[in-house]
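K.L.:
this is a predicted model, with the sequence first.
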Amino acid sequence: MNKTFTLLFAGALAFTAKAQTPATAPTAQAFGKIDKADLELKACDFEKDANAEILFDKGEVYFDQTYNVVTERHKRIKIFNDNGKSEANIRIEYYSANRAEYISGLQAQTINSNNGTVEITKVDKKQIFTEVVDKYYSAMVFSFPNVKPGSVIEFKYRLTANSVADFPDWYFQSHLPTRYSELATNVPDILYYKRLVNVHYPYVVDKTNSSNTHTLALANIPSLRDEPFMGSRDDNSERILFQLLSIRPTNGFTHTFQDSWTKVGESWADDEDFGGQLNRKLADEEAIITKAKSLKTDDEKIAYIFNEVKNTVKWNDVYARYANDGTVKAWEKKVGNSAEVNLILTHLLKKTGLQVYPMLVSTRKHGHVNPGYPSSYQFNSAVAYIPVDSNKYYVLDATSKYNIYNQVPNNFLNSFGLYVNKVDKVYDLAFLQDKDPVRQIVLINAEIKPEGKMTGSADISSFAYNRINCVKKYKTDGEKKYIDFLRDDNNNMKIASVTFENMDVDTLPLRQKMDFNLDLTGADDNYIYFNSNLFTDLKTNPFLNENRVTDIDFGYRDNYNITGIFKLPAGYKVDALPKSLSMMIPDKSIVFRRIIAEQDGSVMIRLSVDFKQSMYFKENYAEFHEFCKKMYEMLNEQVVLKKS
């Protein structure tokens, strides 16, 4: 099974929300047996706005006589409205290579109430499809018939894995509220599994019976909803992960599994679809290698090969930690998954004489890599890794034409990568981060007109990741949509044109210049109002909720500087001017400054926001929330002019 071993760092695991403990705990029912109350249920008792609810999710894991891992699962979902009908589309992915895992005994049906009579519609077996994901994975896919608001859908199946290492993980929490979730496990004494538990709700069931079956259950678990700048959903879910550490046969010999990163790295170094791809010759590679070797510096060689690969091989939008068709075929077809693209890159860099290693990584959506949990399942992609010295390294990902060779891709920041150095037998983790602040500088020179308009020019310089984001947005969306983005869809603003400098020079900041006209809302015959917070993404506070259940992961540090000089209209004077000030969050990790001065008929306003961290833990959200509330109010505080 494709386990998603994705734990946050040890200090960030606490879950602050509190569970509701029902007077009588709910439970699961037999397949096809349903209470009338569930058919008549109109809304989730503990999450009223939910479109659907998991009534129960029950899993039982045991071992057959040949030590196959067998998982029997039964899941039932209540549909409340039309928006919840999408839950009737089911996809169960599993590791199908050499029948390492297979699904059997699938049953699925829709249950409706028809004038008080229970009506059951079974899923036609002809409508159950097996989809090939790649040469390792497949998915069983089907949809429930006759689904409407009020329906209950349920399915059960048996998943058999032929390796004792493939003990399934269990997620009590999902994108839907869950009334009851139960996991029962029965593990032979000769097997030892390490359990990583991220459960902060009280168990309503925690017992072991006479046959050594251990049952754990939670009840009334709220959905895990998307929050601004949250990391992986799996990182933040209530769950239990299992890792096989050893087998203790009766003869006293103990066989250990991947209980260290060295063992994980060794397995990938020898894997035909990872380390085995690095020495495969690519068609006509000599011309690229010869050209690269003729360049003077390592940086020139790296930049050249990086650009050659990202402009030659198109990424097929599939993240993978292994090659599917192989690097030779991907190079020939000029398309491949993320591992194939970056193993090609690693191969060419290596042939040029550079010290480069393949590295396993995890995208932010897939989850942070827990260094205390050695497992290849924590990764979902691969990159090329070039260590320069003890403080400098390059992480190269050629899947995006907007990535830069000397900038760690944002998608992998604040997590670990495992580099595989087979020659020296070094397999170690490296923490991927960017400590430097990423600047965004906005310069505005404008004039306020007596009729309540602002005309002027803006000069925006975007560095590093901000540069990448702007270039990608412009080239993906086109100029019209990009201008709409610059004016923040404000119909009162018109931008005549935008000119760019350094659009195609990766090493320089992107510079944008434009002329604009803005109708100032609220102006009347006596008063004009304006603020200088223009051409930034700091207008709207994304942290409005009082509570938060996930950590905030910006990826990188942002540093904003906005300076505006505004010429006042004749016949007007300043009636209200925001004060100059400086404030910071209690731990000094965010600093906001505002400097305002009036001189010679103009007002100068300088705003700066410096995020000194890229991650903020949910445990400190109360002070983070309060600071952002005040900061955004001050960022948007207006200057008031009065007719004299």
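P.N.:
Sure, I can see it.
K.L.:
quick one: the strands in the stretch 51-200 of the chain, in order.
P.N.:
Residue ranges of the strands in the stretch 51-200 of the chain, as given by DSSP state E, counting those that start in this stretch, are 52-63, 69-79, 89-95, 101-114, 117-122, 129-132, 137-143, 152-161, 170-171, 178-185, 191-198.
K.L.:
so what's the residue count around Tyr385?
P.N.:
Neighbourhood size, Tyr385 [other CB atoms under 10 Å]: 25. Just so you know, the C-beta spots here come from the backbone N, C-alpha and C atoms, and that holds for glycine as well.
K.L.:
can you give me the pLDDT of the closest residue to it other than its chain neighbours?
P.N.:
Nearest non-adjacent residue to Tyr385, counting by CB to CB, 6 or more residues apart in numbering: Met359, 3.8 Å away. On pLDDT, Met359 comes in at 98.
K.L.:
where does pLDDT dip in the stretch 51-200 of the chain?
P.N.:
Within the stretch 51-200 of the chain, not a single segment meets pLDDT under 70.
K.L.:
ranges for the helices of the stretch 451-600 of the chain?
P.N.:
Using DSSP state H, counting those that start in this stretch, the helices of the stretch 451-600 of the chain run over residues 464-477, 479-486.
K.L.:
among the ones you listed, which comes closest to Thr550?
P.N.:
Each of the helices of the stretch 451-600 of the chain has some distance to Thr550 by CB to CB; the shortest is helix 464-477, at 21.4 Å.
K.L.:
just want the angle from that closest one to helix 479-486.
P.N.:
Here helix 464-477 points in a direction 140 degrees away from that of helix 479-486 (axes from the mean of the first three to the mean of the last three CA atoms, to 10 degrees).
K.L.:
report the distance from helix 464-477 to the chain centre.
P.N.:
19 Å (CA atoms, centre = their mean, to the nearest Å).
K.L.:
could you do stretch 162-177 as well?
P.N.:
Relative to its chain's centre, stretch 162-177 lies at 19 Å (CA atoms, centre = their mean).
K.L.:
quick thing: my sequence starts at 20, can you match it?
P.N.:
Okay, residue one is now 20; in that scheme the one you just asked about reads as stretch 181-196.
K.L.:
quick one: end-to-end length of that stretch, please.
P.N.:
Criterion CA to CA, to the nearest Å; first-to-last residue distance in stretch 181-196 is 33 Å.
K.L.:
same question, stretch 404-421
P.N.:
With CA to CA as the measure, stretch 404-421 spans 18 Å from end to end.
K.L.:
pLDDT of it, averaged?
P.N.:
For stretch 404-421, the mean per-residue pLDDT is 95.
K.L.:
how about stretch 532-544?
P.N.:
What stretch 532-544 shows for mean pLDDT is 93.
K.L.:
who touches that stretch?
P.N.:
Stretch 532-544 is contacted by residues 467, 470-479, 505-506, 509, 511-518, 520, 547-549, 553, 662 when judged by CB atoms under 8 Å, 6 or more residues apart in numbering.
K.L.:
deepest-packed of the helices of the stretch 470-619 of the chain, please.
P.N.:
Mean neighbour count, computed with mean count of other CB atoms under 10 Å, is highest for helix 483-496 among these, reaching a mean of 18.
K.L.:
using PDB, list the CA coordinates for it.
P.N.:
This file holds the C-alpha atoms of helix 483-496, laid out as PDB (Å, rounded to 0.1, in the frame of the first residue of the first chain):
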ATOM      1  CA  ALA A 483      13.900  35.000  -5.900                       C
ATOM      2  CA  TYR A 484      10.600  33.200  -5.300                       C
ATOM      3  CA  ASN A 485       8.500  36.300  -5.800                       C
ATOM      4  CA  ARG A 486      10.200  36.700  -9.100                       C
ATOM      5  CA  ILE A 487       9.400  33.100 -10.100                       C
ATOM      6  CA  ASN A 488       5.800  33.500  -9.000                       C
ATOM      7  CA  CYS A 489       5.300  36.700 -11.100                       C
ATOM      8  CA  VAL A 490       7.000  35.300 -14.200                       C
ATOM      9  CA  LYS A 491       5.000  32.100 -14.000                       C
ATOM     10  CA  LYS A 492       1.700  33.900 -13.600                       C
ATOM     11  CA  TYR A 493       2.400  36.300 -16.500                       C
ATOM     12  CA  LYS A 494       3.500  33.600 -18.900                       C
ATOM     13  CA  THR A 495       0.700  31.200 -17.800                       C
ATOM     14  CA  ASP A 496      -2.200  33.600 -17.600                       C
END
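K.L.:
what sits up against that helix?
P.N.:
For helix 483-496, contacts defined as CB under 8 Å, 6+ apart pick out 419, 421-423, 426, 429, 453, 455, 457-459, 481, 501, 504, 519, 522, 528-529, 531, 574-575, 577.
K.L.:
hang on, the earlier thing: just put the helices of the stretch 470-619 of the chain in JSON lines and tack on distance to Lys648 and mean pLDDT.
P.N.:
Below are those laid out as JSON lines (distance: least, CB to CB, whole Å; pLDDT from 0 to 100):
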{"stretch": "helix 483-496", "distance to Lys648": "24", "mean pLDDT": "95"}
{"stretch": "helix 498-505", "distance to Lys648": "25", "mean pLDDT": "93"}
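K.L.:
would you reformat those as a markdown table and include distance to Ser357?
P.N.:
Formatted as a markdown table, the helices of the stretch 470-619 of the chain follow (distance: least, CB to CB, whole Å):
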| stretch | distance to Ser357 |
| --- | --- |
| helix 483-496 | 17 |
| helix 498-505 | 27 |
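K.L.:
that older thread, so which of the contacts of stretch 532-544 sit within strands?
P.N.:
467, 472-479, 512-518, 520, 547-549, 662 (DSSP state E).
K.L.:
just to revisit the earlier point, and the strands of the stretch 70-219 of the chain: which comes nearest Ala288?
P.N.:
Ala288 lies closest to strand 108-114 among these, at 21.0 Å (CB to CB).
K.L.:
nice, that's everything, thank you.
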